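[1] need coordinates for the following:
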Amino acid sequence: MSKPMGKPRPRPGRSERASTPLPEHRPSLLLVTLIAALLALLSVSFVLFETDFWQHLLVGRVIWETHSVPTRQIWIWPTYGAPDVTPSWGFRALIWPFWSLGGVWGLFAWRWISTLAAFGIAWATARRLGARGAGGLIVVVLAVLVYRLRSQIRPETLVAVLLALEFWILERGRQGGRDSRLWLIPLAWVWANVHISYFLAPLILALYVIGEEEPAARSRRGWAIALGMGAVAFLNPHGWRALWQPFEFAIKWRHEPIFETIGELQPVNWSVNSLNGLPLLVFGWPALIVWRWRRGRPDMVEAMICALFTALAVGTRRFLGFYAVACVPFAARDLAAWLATFPAPRWAQSPWVRAGLASAVAIGVSLPELTRANLPIAVRIDDSRYPVAACGFMAAHGVRGHGFNPFYFGGYMLWRFWPDPGRLPFMDIHQSGTDEDRRDYGRMILHPEQWTALDRRHHFDYLLLNRVPSRTDRLLDRTDRDSLWALVFMDDAAALFVRRDGPLAAVADSFAYRIIPSGRATWDSIAARCRTDLGYRRAVRAELDRCAAGSPFSAFAHSQLANLSLLDGNAAEARRELELSLARDPFRPTVHERLGRIALAEGHPRVALDEFAAERRLGPPRTGLDLEMGRAFEALGDRGRARAAYARELERDPGNREARAALDSMKAGVP
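    Numbers count the residues shown, from 1 in each chain. Prediction:
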């Protein structure tokens, strides 16, 4: 912000007097920029697992094939044909050619292009603001890491580019360049047709007008453009109804139980973002703002932008990507200015040394996030997250009618079956449907007994339920106990039930599982009976064999088959089943632990330790794991590490008698 005329310049601080900014060396800066770009590409190259993009692709295909934007509900069966808003239609029309031309590689190309565009423009804006040297690129790298989890095939990836463009246009004029704010009107029109966050575009301009000391004529022009941005948003296929959606959510929908179960609508999860630098940005950016203020260079626009986007991001995870883009121009400038106040030591006078240091820092802060085991870097879609095999069973055996599904399965079902009217989902990725259906759905997730009201109203023919461990497990357990329903298909992703007394009764008679359940509540009792009842154990094995053969996503079935093999005393067969389980799901819990126990029993303690270490890398240590590690160390003759492992086990589980006895025997010197 420009300082009033006549105000004395602040005296430089001691660090500023002691150093002279080193000249910028463009070749070395280019090297760091390329490394930052490579890290950005790696950050957004992890496996696709988000569920919504299947519906985005389908809607895009329909728009291209019909040359129109649907204005009626054609995606779910309960309200089929009713007037409806097709959200983010512009993004969906844009993403379809990427898929049709390149498939999975096309989707990843979109991620790469949109990420480089958004953060490249943001870095260019930081340069216009005065960021010099490579230090500001550290902010870009951190911001991309924060943006990473929002980088799947979502409309926000296009909005990130629009947001960066708006800041570039506004700062171009604020820093003495040509006033190009009229371009914000077509930008706002695009924004309104690609995402419901369109209201941010005129709001950002309003903050600039408020925060910048400028002539009255320029201020009036800014307000007029902001009004134009709001007016042009009405030029969309759905008119005011599309523009009302974010406000309807804020006023009404966000209080509904169904929306309280959606993770991205909840406040930021700090544990998930502990490795990506979000805490550094959330606390570091305001600290840099205060530092500028104390030096007599306040920027009111930056302060308001920081307050707005920090509040949005911390309050709702959906805005984390926007926060990452918004912070780059300002925080990168501020960090570069702060670093310039420190005198460079003699050994760092070379620009290539400084470039090497900046590159090392960028790589160092990226590695913890880029090496996360649950976000492997690969150009593929994680099909195990979707009801792929379950939908295949439906197609093969004529399962159709009025079905129920969790809303996040709706996108894949549409991709697989649309426009088949007999297999449209009950609810799609937008939680479409009546207020009553959304209310009962939300209550049912937490209180499965509410299911009765929903089923009484719709009399479902089949249920396609999620089997990924979550709160919906209780609905699985409830349905397992309900004699009206027959479990006819199950894998790691989904469980398919059909009504025994409806049009799918023949499917129920032919394919119903008689023993194994879809939920997890009764598996302990099944395992207990398997220990003593050989005939029952064989029946359970037969059903698990069928489950494993019916889907490539059957890690659970192979894991349970391994337990049965251990009961039979067949360690080789158990090992084979456990290895098959890992091949289908590398993150399946307790599999490495059981492989380690088998190796230890066979006299291979080093192999056992490797398996136990692999189990520990999957998450917090499990009860009993340190006990097994202690036994492996003891078998190797490493008594010190064995004692430490037994002590850790007792610290976690003070009542563990085996760990206590092992530790006491070692202290007493008993061999």
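
[2] and the residue nearest the centre of the chain, what does it touch?
    Nearest residue to the geometric centre of the chain (Cα atoms, centre = their mean): L149, 4.5 Å. Counting by Cβ atoms under 8 Å, 6 or more residues apart in numbering, L149 touches V272, N273, N276, L320. For the C-beta atoms, the positions are set from N, CA and C on the backbone; glycine is no exception.

[3] that's a helix at it, yeah?
    Yes: with DSSP: H, G, I helix; E, B strand; the rest coil as the criterion, L149 is located in a helix.

[4] just the buried residues of the contacts of L149.
    Neighbour-count burial (16 or more other Cβ atoms under 10 Å) applied to the contacts of L149 gives N273, N276, L320.

[5] now do the phi/psi pair for the first one.
    Read it as N273. Per-residue torsions, N273: phi -100, psi 20 (degrees, to the nearest 10).

[6] what do you get for the second one?
    N276 has phi and psi values of phi -100, psi 0 when expressed as degrees, to the nearest 10.

[7] just to check, it is in contact with R150?
    No: using Cβ atoms under 8 Å, N276 is not in contact with R150, being 11.1 Å away.

[8] find the nearest non-adjacent residue to L580, please.
    H558 (4.4 Å; Cβ to Cβ, 6 or more residues apart in numbering).

[9] in which helix or strand would I find the one you found?
    helix 555-567 (DSSP states H and E).

[10] who's in contact with that helix?
    The contact list for helix 555-567 (Cβ under 8 Å, 6+ apart) reads 467, 491-492, 516, 523, 527, 530-531, 537, 540-541, 544-545, 547-548, 571, 573-575, 577-578, 580-582, 584-585, 588, 590-591, 594.

[11] switch to 7 Å and redo it
    Residues outside helix 555-567 that contact it (Cβ atoms under 7 Å, 6 or more residues apart in numbering): 492, 527, 530-531, 537, 540-541, 544, 547-548, 573-574, 577-578, 580-581, 584-585, 588, 591, 594.

[12] over to stretch 186-195?
    By Cβ under 7 Å, 6+ apart, stretch 186-195 touches 88-91, 155-156, 158-159, 162, 165-166, 198, 201-202, 229, 232-233, 235-236, 243.

[13] among those, name the buried ones.
    Here, 16+ other Cβ under 10 Å leaves 88-91, 155-156, 158-159, 162, 165-166, 198, 201-202, 229, 232-233, 236, 243 buried among the contacts of stretch 186-195.

[14] return the member of the contacts of L149 nearest to I251.
    Within the contacts of L149, proximity to I251 (Cβ to Cβ) peaks at L320, which comes in at 23.3 Å.

[15] my guess is the closest one contacts V146. True?
    Yes: counting by Cβ atoms under 7 Å, V146 is a contact partner of L320 at 6.0 Å.

[16] any idea how far the longest helix belonging to the chain is from the chain center?
    As assigned by DSSP state H, the longest helix anywhere in the chain is helix 89-129. Between the centre of helix 89-129 and the centre of its chain there are 18 Å (Cα atoms, centre = their mean, to the nearest Å).

[17] kindly state the pLDDT recorded for the nearest residue to R354 once chain neighbours are set aside?
    Of all residues not flanking R354 in the chain, A348 sits nearest, at 5.7 Å (Cβ to Cβ, 6+ apart). A348 is assigned a pLDDT of 76 by the prediction.

[18] and A348, how far from E573?
    Taking Cβ to Cβ, to the nearest Å as the measure, A348 falls 62 Å from E573.

[19] burial measure for G211, as a count.
    By other Cβ atoms under 10 Å, 18 other residues sit near G211.

[20] go on, R26?
    Look at R26: counted by other Cβ under 10 Å, it has 10 neighbours.

[21] do the one 10 residues further on as well
    The number of residues packed near A36 is 26, by other Cβ under 10 Å.

[22] test my guess that it contacts V139.
    No: applying Cβ under 7 Å as the test, A36 and V139 come out as separate, 9.9 Å apart.

[23] identify the contacts common to the two.
    Overlap of the contact sets of A36 and V139 (by Cβ under 7 Å, 6+ apart) is empty.

[24] picking up where we left off before, and the longest helix of the chain, average pLDDT?
    The model assigns helix 89-129 a mean pLDDT of 97.

[25] quick check: which helices or strands does that helix pack against?
    helix 26-43, helix 53-66, helix 137-147, helix 156-174, helix 320-340 (3 or more Cβ pairs under 7 Å, 6 or more residues apart in numbering; DSSP states H and E).

[26] CA atoms of the shortest one as PDB?
    What follows is helix 137-147 as a C-alpha-only set of coordinates in PDB (Å, rounded to 0.1, in the frame of the first residue of the first chain):
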ATOM      1  CA  LEU A 137      10.000 -20.500  -4.400                       C
ATOM      2  CA  ILE A 138      10.000 -22.300  -1.000                       C
ATOM      3  CA  VAL A 139       6.500 -20.800  -0.500                       C
ATOM      4  CA  VAL A 140       5.400 -22.100  -3.900                       C
ATOM      5  CA  VAL A 141       6.600 -25.700  -3.000                       C
ATOM      6  CA  LEU A 142       4.800 -25.600   0.300                       C
ATOM      7  CA  ALA A 143       1.700 -24.300  -1.200                       C
ATOM      8  CA  VAL A 144       1.600 -27.000  -3.900                       C
ATOM      9  CA  LEU A 145       2.000 -29.600  -1.100                       C
ATOM     10  CA  VAL A 146      -1.000 -28.200   0.700                       C
ATOM     11  CA  TYR A 147      -2.900 -28.100  -2.600                       C
END
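
[27] what sits up against that helix?
    So helix 137-147 is in contact with 32-33, 36, 39-40, 43, 115, 119, 123, 273, 276-278, 280-281, 320-321, 324, 327-328, 331-332, 335, 358, 361-362, 365-366, 369, going by Cβ under 7 Å, 6+ apart.

[28] let's go with 8 Å and repeat that
    32-33, 36, 39-40, 43-44, 115, 118-119, 122-123, 126, 160, 273, 276-278, 280-281, 320-321, 323-325, 327-328, 331-332, 335, 358, 361-362, 365-366, 369.

[29] the residue nearest to L580: how many residues sit nearby?
    Neighbours of H558 (other Cβ under 10 Å): 25.

[30] tell me how far it lies from A574.
    Applying Cβ to Cβ, the value for H558 to A574 is 10 Å.

[31] what's the closest of the helices and strands packed on helix 89-129 to G502?
    For those, the distance to G502 is smallest for helix 53-66, at 27.4 Å, taking Cβ to Cβ.

[32] can you name the residues in contact with that closest one?
    In contact with helix 53-66 (Cβ under 8 Å, 6+ apart) are residues 69-70, 75, 86, 88-89, 91-97, 99-100, 107, 152-155, 386, 410-412, 414-415, 418, 428-429.

[33] and if you look at stretch 619-631?
    For stretch 619-631, the external contacting residues (Cβ under 8 Å, 6+ apart) are 589-590, 593, 596-597, 600, 605, 608-609, 612, 615-616, 641-646, 648-649, 652-653, 656, 658-659, 662.
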